[in-house]
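Undergrad: I'd like to go over a predicted model; first the sequence, then the structure.
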Amino acid sequence: ARHNPARLALRPNVPQVADVVEMARRNLAGYYAMIENLDWNIGRLRDALTRLGMDTNTHLMYFSDHGDMHGAHGHFTKMVPYAESVNIPMILGGHIPRGQNKQGRQPKLVNHVDIAPTTLGLCGIDKPDWMAGYDYSSYRVFGRQPAANEPDSAFLQFVDPLLGGRAVDRAWRAVVTADGWKYAAIEGAPWLMFNLNDDPYEQVNLALMPAFRAQRKRLNDRLAAWINDTGDTFRLPEV
């Protein structure tokens, strides 16, 4: 009730198709209300830390498991490699003693396996050798040394296609690189490729354009390395 669907601004990549726009506006009103509710509850947690005297030695880590398309590119919910679905919040906060914490936004690519090593690093603990993932805690805590071999990309995968409705009905794998490219493939065929530096709303698909064949091969090779490193059996295209 606090958000009038008719007055909400949609992202520029929501196609001007009547049923898509109507659904996007209706869903987005509820989504904003949920964000407000969650924000209020995070405030309750922070107030409790202050009351208990724990606010100056506690890290707060906030993240989500997925985003929501809300009509972008005509899609809803998740299950696609577009930014609205896969770019999620990753916020490290808390009032640790002055001079010990860094602030600011870092354009880093975080895989879910990086969360555990980063949590350990925030507590001053090195990750064990057997643990996968990268420790990003040096971007939050002064004196914490960056780990070697910072990831050059993030690996995305949709393993189990869901049939029905507006869901994607094919498995896919994708990679996002630190130099600003995204590439996704369905089994045996390229699907999507975007230059995120020039096209942040992913509106120009370069995946099948001959002018970008060399870039497609570079990204396909990097995705193949992720698949090999993770023991995946997904069949990539020959490019």
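TA: On my side now, so go ahead.
Undergrad: and Y32, how many residues sit next to it?
TA: 14 (other CB atoms under 10 Å). Heads up, the C-betas are built off the backbone N, CA and C, glycines and all.
Undergrad: Please apply the same query to the one 10 residues further on.
TA: Using other CB under 10 Å, the number of residues around I42 comes to 14.
Undergrad: State the pLDDT value of the residue nearest the centre of the chain.
TA: Residue closest to the mean C-alpha point of the chain, counted by CA atoms, centre = their mean, is N87 at 2.8 Å. The score at N87 is 92. That number is its pLDDT.
Undergrad: Over to the closest residue to it other than its chain neighbours: give its phi and psi.
TA: What sits nearest to N87 in space, not counting adjacent residues and going by CB to CB, 6 or more residues apart in numbering, is G67, at 6.2 Å. Torsion angles at G67 (phi, psi; degrees, to the nearest 10) stand at phi -100, psi -150.
Undergrad: Contact partners for G67?
TA: Contacts for G67 (CB atoms under 8 Å, 6 or more residues apart in numbering) come out as K78, A83, E84, S85, V86, N87, I88.
Undergrad: Show only the entries of these found in helices.
TA: Counting by DSSP state H, those place A83, E84, S85, V86 in helices.
Undergrad: which residues of this protein score low on pLDDT?
TA: Residue ranges of the chain with pLDDT under 70: 95-100, 163-164.
Undergrad: Give the buried residues for the top helix by length along it.
TA: Longest helix in the chain, counting residues (DSSP H): helix 18-51. The neighbour-count check on helix 18-51 (16 or more other CB atoms under 10 Å) flags V20, M23, A24, R25, N27, L28, A29, R46, L49 as buried.
Undergrad: from these, which is closest to R235?
TA: Each of those was scored against R235 by CB to CB, and V20 proved nearest at 32.1 Å.
Undergrad: in terms of contact, does the closest one touch H73 like I think?
TA: No: contact criterion CB atoms under 8 Å: V20 and H73 do not qualify, at 9.5 Å.
Undergrad: can you map out the strands along the protein?
TA: Ranges of strands in the chain, per DSSP state E, are 60-63, 90-93, 153-158, 172-177, 181-186, 189-195.
Undergrad: what's in contact with the third one?
TA: The contact list for strand 153-158 (CB under 8 Å, 6+ apart) reads 79-81, 86, 109-111, 168, 171-178, 184, 222-223, 226, 230, 232, 234.
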